[in-house]
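Asks: this one's structure only:
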């Protein structure tokens with residue numbers, strides 16, 4: 001029997017801990033015990049991909065190969081590796097079974113018995129509940145740290161600031177880059193001059209040969225605008241100011257509004273009264289508005 005295996009870890013940390021290799025080793029050992037054949041191209045891997053979505057390159061490749069009847073059975077360590085959502089699990093399983101391909105779980109064997117199907121559904125619901133619970137706890141934990149002044153809201157520090165490379169989200173590690181801070185101050189001074197607009201500020205910076213925040217040689221209007229409109233230079237940084245909302249316009253004539261994948265969502269500013277404002281100019285005092 002021709003076999004295929006699918007393995008997945010949701011974080012790069014798990015991948016680095018050899019979790020992928022451990023899964024593959026266990027599945028290969030089981031295939032050898034059963035006397036099945038496993039081709040190297042039928043080992044499908046997703047490193048660092050969440051099981052909450054079906055949009056995964058390894059899983060997509062497996063489904064594409066299944067459509068060509070390249071194997072007879074797919075072996076997975078447990079249902080959570082296939083998907084965290086029960087509906088997603090059954091969607092993939094039924095798709096494979098319709099093509100005459102069986103799906104077996106090493107840790108939680110499943111048959112066509114209705115009790116096994118019910119058990120799989122219950123396990124999927126519990127896994128989804130646990131994922132939702134963990135996500136909510138992490139969100140509230142970050143919010144508490146923001147309010148307590150123990151966590152910075154930056155994924156990358158703004159131009160003119162430096163952070164501790166070992167603890168980039170630690171407010172106590174925030175410091176000014178004197179050279180870049182001088183550039184920012186000069187940008188504000190230039191913009192206040194009569195007749196000066198964003199283009200002229202960008203042109204002056206480019207003519208001076210100063211590198212942009214991204215290290216490029218040419219300053220763009222959008223880069224200048226993002227600096228001059230960033231409240232961080234007034235001494236206040238905001239956390240959780242943006243939220244993802246469905247698009248209100250059709251991005252494709254072939255799809256309904258708001259169903260064109262990730263691009264169908266946009267970020268927008270929330271009500272300022274609901275934002276968490278962080279006064280970080282000295283890296284110490286934080287305020288909750």
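Replies: Arrived safely. These numbers come from a predicted model, not from an experiment.

Asks: Determine the set of other helices and strands touching the helix or strand hosting residue 191.
Replies: Element membership of residue 191 [criterion: DSSP states H and E] is helix 178-192. With contacts taken as 3 or more Cβ pairs under 8 Å, 6 or more residues apart in numbering; DSSP states H and E, helix 178-192 sits against helix 198-207, helix 221-228. Bear in mind the C-beta positions are built from the backbone N, C-alpha and C, glycine included.

Asks: could I get the ones you listed as JSON lines with mean pLDDT, distance to residue 128 and mean neighbour count?
Replies: Converted to JSON lines, the helices and strands packed on helix 178-192 look like this (pLDDT from 0 to 100; distance: least, Cβ to Cβ, whole Å; neighbours: other Cβ atoms under 10 Å):
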{"stretch": "helix 198-207", "mean pLDDT": "95", "distance to residue 128": "47", "mean neighbour count": "16"}
{"stretch": "helix 221-228", "mean pLDDT": "94", "distance to residue 128": "38", "mean neighbour count": "16"}
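
Asks: and these as CSV, adding distance to residue 70?
Replies: Shown next, in CSV, are those (distance: least, Cβ to Cβ, whole Å):
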stretch, distance to residue 70
helix 198-207, 54
helix 221-228, 47
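
Asks: do you know which of those lies nearest residue 46?
Replies: Shortest distance between residue 46 and the helices and strands packed on helix 178-192, using Cβ to Cβ, is found for helix 221-228: 34.3 Å.

Asks: Remind me what that closest one packs against, helices and strands.
Replies: Using 3+ Cβ pairs under 8 Å, 6+ apart: helix 221-228 touches helix 178-192, helix 198-207.

Asks: what's next to the shortest one, contact-wise?
Replies: Which is helix 198-207. 183, 187, 190-191, 212, 217-221, 223-225, 228 (Cβ atoms under 8 Å, 6 or more residues apart in numbering).

Asks: change it to 6 Å
Replies: 187, 190, 191, 218, 219, 221, 224, 225 (Cβ atoms under 6 Å, 6 or more residues apart in numbering).

Asks: for the first one, what are its contacts?
Replies: With contact taken as Cβ under 6 Å, 6+ apart, residue 187 is in contact with residue 201.

Asks: so how far is residue 225 from it?
Replies: Applying Cβ to Cβ, to the nearest Å, the value for residue 187 to residue 225 is 11 Å.

Asks: do the same with the second one
Replies: Applying Cβ to Cβ, the value for residue 190 to residue 225 is 13 Å.

Asks: With the third one instead?
Replies: Applying Cβ to Cβ, the value for residue 191 to residue 225 is 10 Å.

Asks: of all the helices and strands packed on helix 221-228, which lies closest to residue 22?
Replies: helix 178-192 (45.4 Å).

Asks: Quick check: buried residues in the closest one?
Replies: 180, 183, 184, 187, 190 (16 or more other Cβ atoms under 10 Å).

Asks: Greatest separation within those residues: which pair is it?
Replies: Pairwise over the buried residues of helix 178-192, using Cβ to Cβ, the maximum falls at 180 and 190, 15.4 Å.

Asks: contact partners of the longest strand belonging to the chain?
Replies: Ranked by residue count and defined by DSSP state E, the top strand of the chain is strand 37-47. For strand 37-47, contacts defined as Cβ under 6 Å, 6+ apart pick out 2-8, 15, 31, 56, 58, 61-62, 71.

Asks: now do stretch 59-75
Replies: Residues contacting stretch 59-75 (Cβ under 6 Å, 6+ apart): 1-6, 27, 42, 44, 96, 99, 101-104.

Asks: ranges for the strands of the stretch 151-289 of the chain?
Replies: With DSSP state E, counting those that start in this stretch as the criterion, the stretch 151-289 of the chain has strands at 161-162, 175-176, 237-239, 242-246, 265-269, 276-278.

Asks: out of the contacts of helix 198-207, who's nearest residue 21?
Replies: residue 218 (45.0 Å).

Asks: Skipping its backbone neighbours, what lies nearest that closest one in space?
Replies: Nearest residue to residue 218 in three dimensions, chain neighbours excluded: residue 206, at 5.2 Å (Cβ to Cβ, 6 or more residues apart in numbering).
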